[in-house]
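1. what shape does this take:
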Amino acid sequence: MTLSIVILAAGQGKRMNSALPKVLQPLAGRPLLGHVLDAARALDPAAVHVVYGHGGDQVRAALDGALKAAASRSSWVLQAEQKGTGHAVQQALPALRDDEIALILYGDVPLVQPETLRALVALAGPKSLGLLTVELDDPTGYGRIVRDARGKVLRIVEQKDANARERRIREGNTGIMAVPVKRLRGWLGRLRNANAQGEYYLTDIIAMAVKDKVKVAPLAAPTVSEVLGINDRIQLAEAECALQHSRARALMVAGATLADTMRVDVRGEVVVGRDVFIDINAVFEGRVVLGDGVVVGPGCILRDCEIAAGVRLNAYCVIEGATVGAGAIIGPFARLRPGAALGPEVHIGNFVEIKNSTMGEGSKANHLVYVGDASVGARANIGAGTIVANYDGANKHHTAIGADAHTGSNSVLVAPVTVGDGATVGAGSTITKDVPAGTLAVARGKQVHIEGWKRPTKRGGGPAKS
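-> Numbers count the residues shown, from 1 in each chain. Model (predicted):
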């Protein structure tokens, strides 16, 4: 039987106290529903259908691409009125096929793992359904799994409908289940809302399955955190901690040492080599690759970048869309913007910004430098305060700085311009014409001394104050 996935994501999330729909609340830099779609995609389903309601336009705009990537057959299904989980699944029924298994997921349960879901789906078939449960120290708020004396699942009772004995049960319902669609269609048609909340509970199909002699196969979730539902900002913070702890462990298993596992944020994919060291408060977004022996200093932010072996990133560097060659030293307080490509052994110092530029092997820009839309040759030295003026107010222009070239402090290179191999630019120069290889270029006003000059004075006497 093929697999279709139905994700229930129509909830308003009033307890979030937010204008943002609940399923768009960020977890590790991605919407909650985005994490669920990632898990769905990992199962390679035939179809994925998202039941949406509150904030529908926002939800669809934010995640339409992710939904289409999850399965070739995908759809948004509107639940105009929220009448319970059973009613939500009913809205998706026209998109489901009788020869499929329907896996029911939730847009606010973001940490469930594909491995767990695969095991659950394997329990379902034409005459069986898989039910994901969880053992809880405090099951308050959860539906309870009611079993008979032999341990067979009989039904699920919601907290508000449970009696005192049932409320003492510690096995809770996660809401996640894998159900044969042909059976599901009939059961949903028999749902009634005669309960404390006046809703159509999806959980009522469990008792129907037992009555119809369809096997209910329970599967215990490996961890509580994996099936945490997010209903308020406190639970969102708890899920963030659980996810970041899991990702920190994965980095350590892969070969990284973390100064503090509670003070690293992985908001994307991080690939690490051996003997990587990550200091406190580092943030990783998008896809980041760290080669063997890379050192990431405190407070660094890395986004969609590749750092080769032996690189040292000193404190508080921001690197986005850049590549850094082996053995380079970056920072502190350096910024590499998209298109920056640094060769091996490059030195980039404090308050230096590189954008859409290449830096040749062994080149240096150690202090207060901006290099944009430029190519810098091997072993070139960019002096403190040098600016590559690449923008004329309408268009960007390219600057070429040759191998072994030097620029003096506080130079301005006005693009388009070329500084040849081995050339030197005198300090304080504004270069608007090409500098031939091996020459010294000086372009600055002549120093003048004015004899007898006196500073202005304030009215009432005394020197002027700045």
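
2. CA only for contacts and neighbour counts going forward, please
-> Will do.

3. all helices of the chain, in order?
-> 32-42, 56-70, 85-92, 114-121, 164-167, 181-189, 205-211, 233-254 (DSSP state H).

4. now the fifth one: how far from the chain's centre is it?
-> A distance of 41 Å separates the centroid of the chain from that of helix 164-167, by Cα atoms, centre = their mean, to the nearest Å.

5. thinking again about what came up before, would you mind putting the helices of the chain into JSON lines with distance to residue 133 alongside?
-> JSON lines is the format used below for those (distance: least, Cα to Cα, whole Å):
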{"stretch": "helix 32-42", "distance to residue 133": "18"}
{"stretch": "helix 56-70", "distance to residue 133": "25"}
{"stretch": "helix 85-92", "distance to residue 133": "17"}
{"stretch": "helix 114-121", "distance to residue 133": "10"}
{"stretch": "helix 164-167", "distance to residue 133": "15"}
{"stretch": "helix 181-189", "distance to residue 133": "19"}
{"stretch": "helix 205-211", "distance to residue 133": "13"}
{"stretch": "helix 233-254", "distance to residue 133": "18"}
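
6. kindly reformat the ones you listed as a markdown table containing mean neighbour count, distance to residue 12 and mean pLDDT.
-> Output for those, formatted as a markdown table (neighbours: other Cα atoms under 10 Å; distance: least, Cα to Cα, whole Å; pLDDT from 0 to 100):
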| stretch | mean neighbour count | distance to residue 12 | mean pLDDT |
| --- | --- | --- | --- |
| helix 32-42 | 22 | 13 | 97 |
| helix 56-70 | 16 | 10 | 95 |
| helix 85-92 | 21 | 13 | 96 |
| helix 114-121 | 17 | 26 | 98 |
| helix 164-167 | 14 | 27 | 94 |
| helix 181-189 | 18 | 23 | 97 |
| helix 205-211 | 19 | 25 | 97 |
| helix 233-254 | 17 | 14 | 96 |
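
7. those helices: which one's closest to residue 99?
-> Closest of these to residue 99 is helix 181-189, at 6.8 Å (criterion: Cα to Cα).

8. between the closest one and helix 85-92, how many degrees?
-> 130 degrees (axes from the mean of the first three to the mean of the last three Cα atoms, to 10 degrees).

9. just to revisit the earlier point, for the helices of the chain, which one sits closest to residue 20?
-> helix 56-70 (8.3 Å).

10. how is the protein carved up into domains?
-> 2-227, 233-441 (automatic domain parsing).

11. quick check: which of those domains is nearest to residue 455?
-> domain 233-441 (25.3 Å).

12. what comes into contact with stretch 394-403?
-> 360, 373-380, 388, 390-391, 413-423, 437 (Cα atoms under 8 Å, 6 or more residues apart in numbering).

13. what about 7 Å?
-> Identification of contacts with stretch 394-403 by Cα atoms under 7 Å, 6 or more residues apart in numbering yields 373-380, 390-391, 415-422.

14. same check, this time on stretch 339-356
-> Counting by Cα under 7 Å, 6+ apart, 321-338, 357-373 sit against stretch 339-356.

15. give me the buried entries from these.
-> 321-338, 357-373 (16 or more other Cα atoms under 10 Å).

16. next up, the contacts around residue 389.
-> Neighbours of residue 389 in contact, by Cα under 7 Å, 6+ apart: 412, 413, 414, 415.

17. residue 125 too?
-> residue 180.

18. residues in a beta bridge with it, which ones?
-> For residue 125, the beta-bridge partners under DSSP bridges are residue 128.

19. do the same with residue 400
-> The partner residues for residue 400, given DSSP bridges, come to residue 375, residue 418.

20. what about it, distance to residue 373?
-> Going from residue 400 to residue 373 by Cα to Cα, to the nearest Å gives 9 Å.

21. also residue 317?
-> From residue 317 to residue 373 the distance is 20 Å (Cα to Cα).

22. same thing with residue 230?
-> 45 Å.

23. one more: residue 4?
-> Taking Cα to Cα, one finds residue 4 at 49 Å from residue 373.

24. how about the nearest residue to residue 187, chain neighbours excluded?
-> Leaving aside its chain neighbours, residue 187 sits nearest to residue 205 (5.9 Å; criterion: Cα to Cα, 6 or more residues apart in numbering).

25. go on, residue 328?
-> residue 345 (4.2 Å).

26. next, count neighbours for that neighbour.
-> 23 (other Cα atoms under 10 Å).

27. can you check the pLDDT for residue 12?
-> Looking at residue 12, its pLDDT reads 84.

28. distance check, the residue nearest to it when sequence neighbours are not counted against residue 80.
-> Excluding the flanking residues, the one nearest residue 12 by Cα to Cα, 6+ apart is residue 54, at 5.3 Å. Computed as Cα to Cα, the residue 54 to residue 80 distance reads 8 Å.

29. got it, and residue 227?
-> For residue 227 relative to residue 80 (Cα to Cα), the value is 26 Å.

30. and what of residue 105?
-> 19 Å.

31. how about residue 199?
-> 15 Å.

32. higher neighbour count, those two?
-> Just comparing residue 199 and residue 80: by other Cα under 10 Å the higher neighbour count belongs to residue 199, 17 against 14.

33. OK, contacts around that one?
-> 83, 84, 193 are the contacts of residue 199 under Cα under 7 Å, 6+ apart.

34. do that again at 10 Å, thanks
-> Residue 199 makes contact with 82, 83, 84, 85, 86, 87, 191, 192, 193, according to Cα atoms under 10 Å, 6 or more residues apart in numbering.

35. tell me how far it lies from residue 205.
-> In terms of Cα to Cα, residue 199 sits 14 Å off from residue 205.

36. in strands only, show me the contacts of stretch 339-356.
-> Among the contacts of stretch 339-356, the residues falling in strands (DSSP state E) are 323-324, 329-330, 335-336, 358-359, 364-372.

37. where does the stretch 151-300 of the chain have low pLDDT?
-> By pLDDT under 70, the stretch 151-300 of the chain has no low-scoring segment.

38. now do the contacts for the most centrally placed residue in the chain.
-> Computing the C-alpha centroid of the chain and ranking residues by Cα atoms, centre = their mean puts residue 267 first, at 3.3 Å. Contact criterion Cα under 10 Å, 6+ apart gives 27-30, 243-244, 247, 283-287, 303 as the residues in contact with residue 267.

39. ok, back up a step: list residues touching both of residue 54 and residue 80?
-> Common neighbours of residue 54 and residue 80 (Cα under 10 Å, 6+ apart) are residue 10.

40. so how far is residue 422 from the closest residue in space to residue 207 that isn't next to it in sequence?
-> Spatial nearest neighbour of residue 207, excluding adjacent residues (Cα to Cα, 6+ apart): residue 155 at 4.6 Å. As for residue 155, its distance to residue 422 is 82 Å (criterion: Cα to Cα).
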